[in-house]
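> quick one, what's the 3D model for this:
(one chain, ligands or ions: 1)
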Amino acid sequence: MSVTVCKTALEAVSIIEDNEYIWTHSMAATPRVLFSALATHAKKRNNLTLMQLHTERGEVLADESLTPHLRHRCYFTSASTRPLIAQGKADYVPIFLSELPKLFRSKEQPIDTAIIQVSPPDQHGMCTMGVSVEATNSACQMAKKIIAHINPKMPRTHGDAFIAYDRFHSVYWQEDELPQHPKAHLDEVTKAIGENVAALIKDGDCLQMGIGAIPDAVLACLKDRKDLGIHTEMFSDGVLELIEAGAINNKLKKVHPGKIVTGFAAGTQKLYDFVDDNPQVAFLDIEYVNDTSIIRRNDNVAAINSALQVDITGQVCADSIGTSIYSGVGGQMDFIRAANLSKGGKAVIALPSTAKRGELSRIVATLDSGAGVVTTRAHVHYIVTEYGVANLRGKSLQERAQALIAIAHPDFRAELAEQAKKLWHINC
Ligand code: COA
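Predicted coordinates for the structure are as follows:
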C-alpha cells in the first residue's frame, strides 16, 4: 500500500469522513498532535465517534464546540471526558479491558479509522506502538484506515508492539515529548496502606498493580523481597527501583519467564528510556495480557487494585461515585479473578479509609445509589486500608462487616456498626 507522507497533521487526518468510528491510541501514547488536527477537521465533519480508553492531554477534543460533530465513546474515562459524560454529551461503555479487543475482532464494534502514535520505522520497515499496546493492536488489525503520528521520542518496544509502516494510509512526523507522571508524593495514610499491602507480598509473588500513590507506596516496601515477577496491565517507575534492587527478576514466572509482561506503561522519561528497545519487557495485546486463563498459569499472582467505595458485605465500587462515572472497569476484575484462580494467589483492594479530607467513610453500609460494582462480593478477597487488612474470602456477611468496620476510620466505626444492625441485621 502506498503511504501518504503529510506535511501537516491536518492533512493526515483529512482522510476521516462523515459517520466514521475512530479508535484512538490511548494512555501515554494518546496522539495529541493528531488530536489538535482532528479538533479542526471534525468541525467540517458530521457524526464522528471517537472510541478510546483513558486518554492523556485530550482536552482539545473535549471542547463544547465539537459536540455537534464528534461524540466520545469511552471504554475508560479521563479528566477530559468525565465532564462530558456527566452532561450526557459523551458515552461510557462498561467493559472488562480483556473483552475490548474481542469486540473489535468480532466486528461487533466496527472501526473505520485508527489514529495512533508510533516510533519511527526501523531498517525492516517496522514501527512500534511504543509504550501502549493495550487494545490498539486489535484496533489496528481491524481498522480500514490507519493514521500515524511518527514520533522519534516514542520508545521502540517489543512484544506485540510492532506494526509495519506500509500499513499506514497517512503519516505525519513530529517530535513530541510523552506525558510524564512523576512518582506520587506519599502521605502518612498512603505509606500505611503500602506497608499493610506489602506485608501480604511474599518472595516469588507475581505482581499486578497500576499507577499512582498506592502502588508506589506498596512497591517502596518490597525492596528486600526476592524473585518477584511482573505480569500486569500497566506499570510505572516504582517497578524500576525493584529491578535495580534485585527484587524483581521474573525468573519464577511460568508465562514469559524472565520478562515483564504488560499492556502499557506510563511514568517518567526514566521509565520510557528503560522500555526503549528492551526485549525484557513484552508489551502484549490486552486480550492476552488480561486473560484470566493466561494470568492464572503463574503461581502466587498478587493483584493489587483500588476502589472508590466498599460496602460492608465486600462489594467493591471502582468506576463511579454514585451515578457520576469516574473511571472504568479496566482490568480490575480480569486480575482479581485470575489471582483467585492462581495457585497461592491473592487479590487485594487497597484504599484510604476516607475521602474528602476525612469527611466521608469509603467503607459504607450500602453503596451510594448508582455506584458501579466492579468486583463482586463473591470475587473479593483482601480489603486493605491504613488501619489494617480484612480477609473476606469464605467469610459470612457478619464476619465481613466485623472485619471491614475494624479497618474503617475510627470516627465512622460506631455509625457503621449501627447501620449494620439496622440494615443487615448484623451485630458487630
Ligand atoms: N465519595 C466521594 N468522593 C470520592 C470517594 C467517595 N467514596 N472516593 C474517592 N473520592 C474522590 C477522591 O476524594 C478523589 O477526589 P480528588 O481528585 O478531588 O482528590 C477522587 O474521588 C479520586 O479518588 P482517588 O482515591 O484519588 O482515586 P485513584 O486515582 O486512586 O483511583 C480508582 C481509584 C478506583 C478510581 C482507580 O483505581 C480505578 O479507576 N479503578 C478501576 C480500574 C482498575 O482497577 N484497573 C486496574 C488495572 S490498572
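> got the residue ranges for the helices in the stretch 251-400 of the chain?
269-275, 286-289, 292-295, 332-341, 397-406 (DSSP state H, counting those that start in this stretch).
> residues in the protein within reach of the ligand, list them.
Within the chain, the positions near the ligand by CB under 6 Å from any ligand atom are 210, 212, 233-234, 305-309, 318-319, 321, 326-328, 330-332, 355-356, 360, 362, 374. (Each C-beta comes from the backbone N, C-alpha and C, glycine too.)
> going through those, which ones are buried?
Neighbour-count burial within these applies to 210, 233-234, 305-309, 318-319, 321, 326-328, 330-332, 362, 374; the criterion is 16 or more other CB atoms under 10 Å.
> who are the contact partners of the most centrally placed residue in the chain?
Centre of the chain computed as the mean C-alpha position; nearest residue by CA atoms, centre = their mean is residue 330, 5.5 Å away. By CB atoms under 8 Å, 6 or more residues apart in numbering, the contact list for residue 330 reads 76, 97, 233, 318.
> residue 252 too?
Residue 252 touches 204, 206, 227, 229, 299, 300, counting by CB under 8 Å, 6+ apart.
> go on, residue 322?
368, 369, 370, 371.
> closest to residue 198 among those?
Nearest to residue 198 among the contacts of residue 322: residue 371, at 28.4 Å, using CB to CB.
> tally of neighbours for the closest one?
22 (other CB atoms under 10 Å).
> just the strands in the stretch 51-200 of the chain please.
With DSSP state E, counting those that start in this stretch as the criterion, the stretch 51-200 of the chain has strands at 70-74, 91-92, 113-118, 126-128, 145-150, 158-159, 162-164, 170-173.
> in CSV: the ones you listed, plus distance to residue 36, mean pLDDT and mean neighbour count.
Formatted as CSV, these follow (distance: least, CB to CB, whole Å; pLDDT from 0 to 100; neighbours: other CB atoms under 10 Å):
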stretch, distance to residue 36, mean pLDDT, mean neighbour count
strand 70-74, 13, 98, 22
strand 91-92, 23, 98, 20
strand 113-118, 12, 98, 28
strand 126-128, 21, 98, 22
strand 145-150, 10, 98, 24
strand 158-159, 29, 98, 20
strand 162-164, 23, 98, 18
strand 170-173, 11, 98, 20
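> how about TSV for these, with distance to residue 192 added?
Putting those into TSV (distance: least, CB to CB, whole Å) gives the following:
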stretch	distance to residue 192
strand 70-74	33
strand 91-92	33
strand 113-118	38
strand 126-128	40
strand 145-150	43
strand 158-159	36
strand 162-164	43
strand 170-173	48
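> and of those strands, who's closest to residue 426?
strand 91-92 (33.6 Å).
> neighbouring contacts of the closest one?
71, 72, 73, 74, 77, 85, 325, 328.
> again, only using 10 Å
49, 51, 71-77, 81-82, 84-86, 319-320, 325-328, 372 (CB atoms under 10 Å, 6 or more residues apart in numbering).
> likewise stretch 60-67?
24, 30, 32, 34-40, 42-43, 48, 50, 52, 55, 70, 72, 78-84, 87, 89-90.
> avg pLDDT for it?
The pLDDT scores in stretch 60-67 average 95.
> sorry, back to before: can you select the buried ones among the contacts of residue 322 for me in ChimeraX?
Selection of the buried residues among these in ChimeraX, burial being defined by 16+ other CB under 10 Å:
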select :368,371
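> before we move on, back to that, tell me which of the helices of the stretch 251-400 of the chain is the most buried.
Burial of these is given as mean neighbour count (mean count of other CB atoms under 10 Å); helix 286-289 ranks first at a mean of 26.
> just checking, what packs against that helix?
helix 100-105, helix 136-142, strand 260-262, strand 281-283, helix 292-295, helix 332-341 (3 or more CB pairs under 10 Å, 6 or more residues apart in numbering; DSSP states H and E).
> give me that answer again for 7 Å
Counting contacts by 3 or more CB pairs under 7 Å, 6 or more residues apart in numbering; DSSP states H and E, helix 286-289 is packed against helix 100-105.
> ok now the helix it packs on, how far from the chain's centre?
17 Å (CA atoms, centre = their mean, to the nearest Å).
> alpha carbons of it, in PDB - could you do that?
C-alpha atoms of helix 100-105 as PDB (Å, rounded to 0.1, in the frame of the first residue of the first chain):
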ATOM      1  CA  LEU A 100     -12.400  -4.900  24.200                       C
ATOM      2  CA  PRO A 101     -10.200  -6.500  21.500                       C
ATOM      3  CA  LYS A 102     -12.800  -9.200  21.200                       C
ATOM      4  CA  LEU A 103     -15.400  -6.600  20.400                       C
ATOM      5  CA  PHE A 104     -13.200  -5.300  17.600                       C
ATOM      6  CA  ARG A 105     -12.100  -8.700  16.300                       C
END
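> residues touching that helix, excluding its own?
Residues from elsewhere that reach helix 100-105 (CB atoms under 7 Å, 6 or more residues apart in numbering): 75, 109, 111, 135, 138, 139, 142, 285, 286, 287.
> change it to 6 Å
75, 109, 135, 138, 139, 142, 287 (CB atoms under 6 Å, 6 or more residues apart in numbering).
> the fourth one: neighbour count?
Right, the one you point to is residue 138. Count around residue 138 with other CB under 10 Å applied: 23.
> how close does the spatially closest residue to it that is not a sequence neighbour sit to residue 23?
Closest residue in space to residue 138, ignoring its immediate chain neighbours: residue 101 at 3.4 Å, by CB to CB, 6 or more residues apart in numbering. The gap separating residue 101 from residue 23 is 11 Å, by CB to CB, to the nearest Å.
> of the two, who's got more company?
residue 23 (29 against 22).
> let's verify that one: helix, strand, or coil?
strand (DSSP: H, G, I helix; E, B strand; the rest coil).
> now do the contacts for it.
51, 111, 114, 139.
> and the closest residue in space to it that isn't next to it in sequence, what's its pLDDT?
Nearest non-adjacent residue to residue 23, counting by CB to CB, 6+ apart: residue 139, 3.9 Å away. Note for residue 139: predicted pLDDT of 98.
> from residue 132, how far off is residue 139?
Distance from residue 139 to residue 132, by CB to CB: 12 Å.
> neighbour count: these two, which is higher?
residue 132 (30 against 27).
> any idea how far the ligand is from the closest residue to that one other than its chain neighbours?
Of all residues not flanking residue 132 in the chain, residue 29 sits nearest, at 3.6 Å (CB to CB, 6+ apart). Distance of residue 29 to the ligand, computed by CB to the nearest ligand atom, to the nearest Å: 16 Å.
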